[in-house]
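# Return atomic coordinates for the entry below.
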Amino acid sequence: MNLTKIRLDFPILKKGIIYLDNAASSLTPDQVLDQMMEYYHSYRANIHRGIHQLSQKASDEYENARTKISTFINSRSDEEVIITKNTSEGINIIARGLKWRKGDRIVTTNIEHHSNFIVWLRIKEIYGVDVEIVQPNKEGIFNILDFENTIDDRTKLVAITHASNVLGVITPVEEITKIAHEHEALMLIDGAQSVPHMPVDIQRIGCDFLAFSGHKMCGPTGVGVLYIRDMLLNDVKPLCLGGGTVKAVGSDYYSLVKGPQRFEAGTPPIAELIGLGAAIDYLNDIGMDKIRAHDIKLIKKLHDELLTIPKITVYGPEPKHKVGILSFNIEELSPHEVALALDVAAKIMVRSGDHCAIPLMKDVIQQPRGTVRASTYLYNTDEEIDKFLEVISELSASLI
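Numbering: from 1, shown residues only. Have a look, this model is predicted:
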């Protein structure tokens, strides 16, 4: 990876910041913005509606982006790729779109982002289903036997993150999917933290649903993806109906189109999806294996050095078991105090607080005040990690 060349693609880095808040949202390269601006400058029109040349061009570019997404995650066809506004919307489509009966079981975990947790509690409230929660050890690592003992023939859905947004730990989704399917249960994966940072092959995993967001993978905000396995497309009711979803309408009836458009009511995020397609091109040009290796190298350095600094507690497993996310605390300082000090001292951007994962904070690492979270990506450097460690060492020394 040519980091010098890569960093030139991100103008915001010229401001002298050190951006280590990539788990919340990544930066966006010029190549993505250029493609979005080309849409606005050259063929700004709605899609799938008009027969004029601008609409046809916009429709082609929109569907080209869908194809890029399909190839990126190795789905069977473009028909399995639904465009959403983010991961949360994708998960909610599945939650509200499946047919639930009282007594059905949902299996999830307590390391989930709230978007893959509270939706199931709401389904429990509405339909009277049972929600079973599998707990890992304090590092976030699961015993696969716990899933074998929890998933049974009443289980309708297993919903689990591929990588924790707090601990970075990668969950054994392939093995869990096999267990789910042995009991004819469906498998949903929250890929918000995995898809941007490592190769994700849904054919190998075998899952039924996968949701992720564009804004965490060098794309723009406002666009996400929901993969639905082809044979399940008609089993999931759309969350919204409207323009673009309709095949026929009468005064007392309607029918929906087949394929992903049935889930994409109204005008979709056209420029944003074109931008996400450009982001996928950008990531592919660098190589997801290289991005994964770069993340591990940086997070290992961060992990190993933090463990040598007094008054630091690091949460989560060894770097080989995680994506580029590391959470920690400094004794006597709140996470927000540490985050503010990093910003003031060296323009270092990190996240602090509960990271939308309160059950994990309370039940797994037992840190109700939250943590400081540093998260890396393809444009971060060893020198930035060194500067981060220097500031943290000074903070720690000031407390002795």
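
# Show me what Val107 is bridged to.
Glu132, Val158 (DSSP bridges).

# One more: Ile189?
Assigned bridge partners for Ile189, using DSSP bridges, are Ile160, Leu210.

# Quick check, it in contact with Asp201.
No: using CB atoms under 8 Å, Ile189 is not in contact with Asp201, being 11.9 Å away. All C-beta atoms are positioned from the backbone trio N, CA, C, and that covers glycine.

# higher neighbour count, the two?
Just comparing Ile189 and Asp201: by other CB atoms under 10 Å the higher neighbour count belongs to Ile189, 29 against 12.

# Next one: the more buried one from Ile312, what distance?
32 Å (CB to CB, to the nearest Å).

# Break down the stretch 301-400 of the chain into its helices, ranges please.
335-346, 358-359, 382-398 (DSSP state H, counting those that start in this stretch).

# out of those helices, which comes closest to Thr245?
Thr245 lies closest to helix 358-359 among the helices of the stretch 301-400 of the chain, at 35.0 Å (CB to CB).

# Run through who's touching the closest one.
110-112, 114, 117, 133 (CB atoms under 8 Å, 6 or more residues apart in numbering).

# In contact with the residue nearest to Gln261 when sequence neighbours are not counted, which residues?
The shortest distance from Gln261 to any non-neighbouring residue, by CB to CB, 6 or more residues apart in numbering, is to Gly244 (5.6 Å). Residues near Gly244 by CB under 8 Å, 6+ apart: 48-49, 257, 261, 264-268.

# got it, and Leu306?
Applying CB under 8 Å, 6+ apart, the residues near Leu306 are 312, 314, 326, 328, 389, 392.

# Any stretches of the stretch 301-400 of the chain with poor pLDDT?
400 (pLDDT under 70).

# Give me the domain ranges for this structure.
Structurally, the chain divides into domains by automatic domain parsing as follows: 3-20+288-398, 31-285.

# ok so, going back, taking the contacts of Gly244 together, which two end up most distant?
Across these (CB to CB), the longest gap, 15.8 Å, separates Val257 and Thr267.

# Show me what the lengthiest helix in the chain is in contact with.
The longest helix of the chain (DSSP state H) is helix 53-73. With CB under 8 Å, 6+ apart as the test, helix 53-73 has contacts from 39, 42-50, 75, 77-78, 80-81, 83, 195, 200-202, 210, 225, 227, 260, 268, 270, 273-274, 276-277, 280-281, 283-284.

# In ChimeraX, how would I select the buried members of these?
Selection of buried members from the contacts of helix 53-73 for ChimeraX, criterion 16 or more other CB atoms under 10 Å:
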select :39,43,45,46,47,48,75,78,80,81,83,195,200,202,210,225,227,260,268,270,273,274,276,277,280,281,283
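
# In strands, which of the contacts of helix 53-73 fall?
Counted as lying in strands by DSSP state E, out of the contacts of helix 53-73, are 81, 83, 210, 225, 227.

# which one of those residues sits closest to Arg369?
Leu210 (32.5 Å).

# Distance check, that closest one against Val169.
Counting by CB to CB, the gap from Leu210 to Val169 is 18 Å.

# same deal with Lys85?
Taking CB to CB, one finds Lys85 at 27 Å from Val169.

# again, but for Thr267
38 Å.

# okay, the two: which has more neighbours?
Val169 (24 against 13).

# for that one, what are its contacts?
111, 136, 139-141, 163, 316-317, 321-322.

# swap the cut-off to 7 Å and go again
Contact analysis of Val169 by CB atoms under 7 Å, 6 or more residues apart in numbering lists 139-141, 163, 316-317, 321-322.

# How about Ile330?
Ile330 sits in contact with 311-312, 338, 395-396, where contact means CB under 7 Å, 6+ apart.

# Grab the nearest non-local neighbour of Pro172.
Ile144 (6.0 Å).

# give me phi/psi at that neighbour?
phi -60, psi -20 (degrees, to the nearest 10).

# pLDDT weak spots in this structure?
400.

# Determine which residue lies closest to the centroid of it.
In the chain, the C-alpha nearest the mean C-alpha coordinate belongs to Ala192, at 0.7 Å (CA atoms, centre = their mean).
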